[in-house]
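[1] I would like the atomic coordinates for the input below:
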Amino acid sequence: MEVLLLNQVSQTRDSEWWRRSTVYQVYPKSFKDTTGSGTGDIRGLTEKLDYLQELGIDIVWLQPVYVSPGHDNGYDVADYERINPEFGTMGDFDELVAELHRRGMKLMTDIVVNHTSTEHEWFKQAISSRDNPYRDYYIWKDPAPGGGVPNNWQSKFGGPAWQFDEASGQYYLTLFDKTQADLNWENEQVRKAVNEMMLFWARKGVDGFRMDVINLISKDQRFPDDDGSVPPGDGRKYYTDGPRVHEYIREMYDEVFGPHELITVGEMSSTTLEQCIRYSNPGRREFSMTFNFHHLKVDYPNGRKWELMPYDFEALKRLFSEWQTGMQEGGGWNALFFNNHDQPRALSRFTDDTAYREESAKLLATTLHGLQGTPYVYQGEEIGMPNPRWKGIEEFRDIESLNMYRILCEQGASPREALAILQERSRDNSRTPMQWEDSPNAGFTTGTPWLKVDERYPDINVQREQERPDSIFHHYRKLIALRKKHAVFIEGKYRRLDEGHPEVFAYARMGDGEALVVVSNFSSKEITFRLPDNHWADLDAEGKDTLLLGNTAVQPALTQELLLSPYASYMWLIRQN
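    Next comes the predicted model:
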């Protein structure tokens with residue numbers, strides 16, 4: 001039965017064009033402002049589509065532009081079928097879809113259905129009376145027997161995951177911000193309403209959906225206290241990859257994804273490899289691919305985000321390797337990424353964003369794009385934007401960061417210590433405005449930007465990158481084009497080559513008659529790296545290699561022993577026939 005399923009997977013994948021594609025993630029609030037409001041808008045994205053086409057992008061992921069009070073930057077949706085006037089009109093959205101399709105590009109929009117804003121009409125009805133039909137759209141519980149919250153689950157933004165409604169004497173669940181009430185997916189009417197909403201957008205020409213924290217929608221209906229036996233003990237083990245989650249997703253597939261041939265990616269919070277295989281194996285009719293975040297927790301001491309430590313390089317390599325091998329064996333598909341709107345810039349986090357900024361940005365790109373999966377480029381990544389230089393807490397806007405600053409100070413950290421943590425960890429690191437040129441505000445807006453523009457924009461901007469043939473931007477262009485040209489990027493079997501080397505990440509993708517080899521020096525030292533004898537013999541590379549891409553002026557042949565300058569990264573193709 002398993003062999004049959006994998007054969008079906010192989011046949012299915014031949015027609016899945018998005019495996020060769022690259023996705024570009026747009027955080028609309030910070031992308032391009034056309035009105036002078038200081039906030040990016042839909043027309044700003046439409047204006048820059050030629051830029052994305054030049055980069056080689058196939059799919060644009062647009063983050064939420066729905067009506068929202070904005071407590072969590074649009075992920076608190078108050079109306080799923082209306083455009084937030086801050087971003088423009090439905091006419092602007094329709095124009096964006098038409099202009100993308102005219103260029104042969106696709107649009108993927110964010111769908112946020114674990115929760116809604118407490119300003120959504122459903123919630124307004126739900127909180128108005130215990131007898132209201134919408135009451136059961138959300139998760140309500142009586143106080144604990146001794147009074148207080150129903151259980152000890154914690155919000156991912158800090159504090160208890162329950163909010164008290166004095167009028168009814170009950171609590172409602174909020175796994176994120178207190179204004180984001182969790183939907184009750186046990187209620188069939190909720191699932192029907194969600195499917196109808198997605199069909200609304202599919203009929204408008206949307207080509208796919210990115211499903212926000214979708215693996216949290218099914219909760220253990222006992223709602224027990226977390227005994228702390230599985231860190232971090234905040235309740236997540238009772239709602240992550242919950243008991244009915246696959247049933248709910250297959251229902252969405254049968255009603256929406258499948259009939260409309262949509263590209264889908266599930267954002268998987270605190271998930272497992274085994275679960276992601278189930279979510280993304282085509283034979284199961286769930287998602288096209290999945291995000292996981294384990295590789296972005298390698299600098300969390302004991303899983304604690306709001307503490308600082310140097311990242312664990314070996315853990316990073318091990319996690320990438322385990323997921324590459326495991327997803328291949330199980331027939332799943334990875335969404336590949338180092339950056340997104342919820343993460344600090346990988347350039348500042350894992351490499352050198354000053355003396356070796358260009359080499360580092362190209363190294364990260366080469367290392368990621370050689371892996372199996374669909375790569376995601378987050379706005380600004382392709383020009384080497386680093387974390388901004390924060391001067392004080394007043395510069396931050398992210399609700400999670402502001403909450404944690406307060407909590408850290410309450411726990412005894414000094415304001416200076418708390419600020420140092422936010423400078424490294426805040427989601428605002430990735431949300432500063434896109435740097436288009438060296439004019440005021442980096443060409444993002446003629447008004448006052450909603451969030452500060454990084455002061456280094458005169459040297460780090462799109463215009464400058466496009467003009468230089470050896471720039472980070474053009475390095476990304478080449479990588480994106482290579483993925484479309486060579487089948488080994490899609491089908492090649494992953495093999496790790498560095499065997500725990502303290503500075504080097506090296507791997508191969510072994511294909512039919514060809515192999516891809518990627519070697520990257522993640523250090524500021526010049527080193528000599530020797531490929532292990534067994535791997536070198538299997539590669540059979542002598543005289544058959546072509547350097548596809550490098551990030552230095554040196555263009556080395558692939559030899560068993562390599563001299564690598566700081567942050568050097570190379571990609572070779574070996575013809576084995």
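
[2] Just give me the longest helix of the protein.
    Criterion DSSP state H: the longest helix present in the chain is helix 313-330.

[3] and after it, which helix or strand comes next?
    Next helix or strand after helix 313-330 toward the C-terminus (DSSP states H and E): strand 335-336.

[4] In the sheet, which strands lie alongside that next one, parallel or antiparallel?
    strand 374-378 (parallel) (DSSP bridges).

[5] and the following helix or strand past the strand it pairs with, what does it pack onto?
    Where DSSP H and E defines the elements, the next helix or strand beyond strand 374-378 is helix 399-410. Helix 399-410 sits against helix 415-425, with contacts defined as 3 or more C-beta pairs under 8 Å, 6 or more residues apart in numbering; DSSP states H and E. In this view, the C-beta of every residue, glycine as well, is placed from N, C-alpha and C.

[6] List the contacts of the helix it packs on.
    The contact list for helix 415-425, computed with C-beta atoms under 8 Å, 6 or more residues apart in numbering, reads 305-308, 344, 349, 387, 390, 392-393, 396, 401, 404-405, 408-409, 413.

[7] what packs against the longest helix of the chain?
    helix 273-280, strand 493-496, strand 504-510.

[8] Now mean neighbour count and mean pLDDT too, for these, in JSON lines please.
    Below are the helices and strands packed on helix 313-330 laid out as JSON lines (neighbours: other C-beta atoms under 10 Å; pLDDT from 0 to 100):
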{"stretch": "helix 273-280", "mean neighbour count": "21", "mean pLDDT": "98"}
{"stretch": "strand 493-496", "mean neighbour count": "18", "mean pLDDT": "98"}
{"stretch": "strand 504-510", "mean neighbour count": "23", "mean pLDDT": "98"}
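
[9] List just the one of these that sits closest to D454.
    Among the helices and strands packed on helix 313-330, the nearest to D454 by C-beta to C-beta is strand 504-510 (27.7 Å).

[10] Serialize the helices and strands packed on helix 313-330 to TSV and add fields for distance to Q324.
    Putting the helices and strands packed on helix 313-330 into TSV (distance: least, C-beta to C-beta, whole Å) gives the following:
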stretch	distance to Q324
helix 273-280	10
strand 493-496	4
strand 504-510	8
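
[11] nearest to R477, of those?
    Of all the helices and strands packed on helix 313-330, strand 504-510 sits nearest to R477, with 20.6 Å by C-beta to C-beta.

[12] Parallel or antiparallel, list what pairs with whatever helix or strand comes next after that closest one.
    Using DSSP H and E, the helix or strand that follows strand 504-510 in sequence is strand 514-521. Using DSSP bridges, strand 514-521 pairs in its sheet with strand 504-510 (antiparallel), strand 569-575 (antiparallel).

[13] Now render these as CSV, adding distance to Q560.
    Shown next, in CSV, are these (distance: least, C-beta to C-beta, whole Å):
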stretch, distance to Q560
strand 504-510, 12
strand 569-575, 13
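
[14] what sits against the residue nearest to the spatial centre of the chain?
    Centroid-nearest residue in the chain, with C-alpha atoms, centre = their mean: N340, separated by 4.6 Å. When contacts are counted by C-beta under 8 Å, 6+ apart, N340 touches 25, 376, 378, 430.

[15] Quick check: closest non-adjacent residue to the last one.
    Closest residue to S430 apart from its sequence neighbours, by C-beta to C-beta, 6 or more residues apart in numbering: H341 at 5.5 Å.

[16] Same check on the third one?
    Among residues not flanking Y378 along the chain, N339 sits closest, at 3.9 Å (C-beta to C-beta, 6+ apart).

[17] thinking again about what came up before, now the buried members of the contacts of helix 415-425.
    Taking 16 or more other C-beta atoms under 10 Å as the criterion, what is buried in these is 305-306, 344, 349, 387, 390, 396, 401, 404-405, 408, 413.

[18] tally of neighbours for G283?
    15 (other C-beta atoms under 10 Å).

[19] Hmm, I typed the wrong one, I wanted R222.
    Using other C-beta under 10 Å, R222 is surrounded by 8 other residues.

[20] Kindly state the pLDDT recorded for the closest residue to it other than its chain neighbours?
    Nearest non-adjacent residue to R222, counting by C-beta to C-beta, 6+ apart: Y238, 7.8 Å away. Predicted confidence (pLDDT) for Y238: 98.

[21] Please name the residues that touch Y238.
    Here Y238 is in contact with 153, 219-220, 222-224, 226 (criterion: C-beta under 8 Å, 6+ apart).

[22] just Q25 next, same as before
    Going by C-beta under 8 Å, 6+ apart, the list of residues near Q25 reads 61, 63, 340-341, 376-379.

[23] and if you look at E261?
    So E261 contacts nothing (C-beta under 8 Å, 6+ apart).

[24] Tell me how far it lies from Y311.
    With distances taken as C-beta to C-beta, to the nearest Å, E261 is found 39 Å from Y311.

[25] Near T546, how many other residues are there?
    For T546, using other C-beta under 10 Å, the count is 12.

[26] Is it in a helix, a strand, or coil?
    The local conformation at T546, judged by DSSP: H, G, I helix; E, B strand; the rest coil, is strand.

[27] how close does it get to V554?
    Relative to V554, T546 is positioned 15 Å away (C-beta to C-beta).

[28] before we move on, back to that, from the buried ones among the contacts of helix 415-425, which single one is nearest H71?
    Nearest member of the buried ones among the contacts of helix 415-425 to H71, counting by C-beta to C-beta, is S401, at 13.2 Å.

[29] nearest residue to that closest one other than its sequence neighbours?
    Closest to S401 by C-beta to C-beta, 6+ apart is S426, at 4.1 Å.

[30] That neighbour contacts R397, correct?
    No - taking C-beta atoms under 8 Å as the definition, S426 is not a contact partner of R397, at 9.4 Å.

[31] Could you tell me which residues make contact with H535?
    Shown in contact with H535 (C-beta under 8 Å, 6+ apart): 495, 497, 508.

[32] Equivalent analysis for R427, please.
    R427 neighbours (C-beta under 8 Å, 6+ apart): 341-344, 398, 400-401.

[33] sorry, back to before: quick one: closest of the helices and strands packed on helix 313-330 to S30.
    helix 273-280 (29.0 Å).
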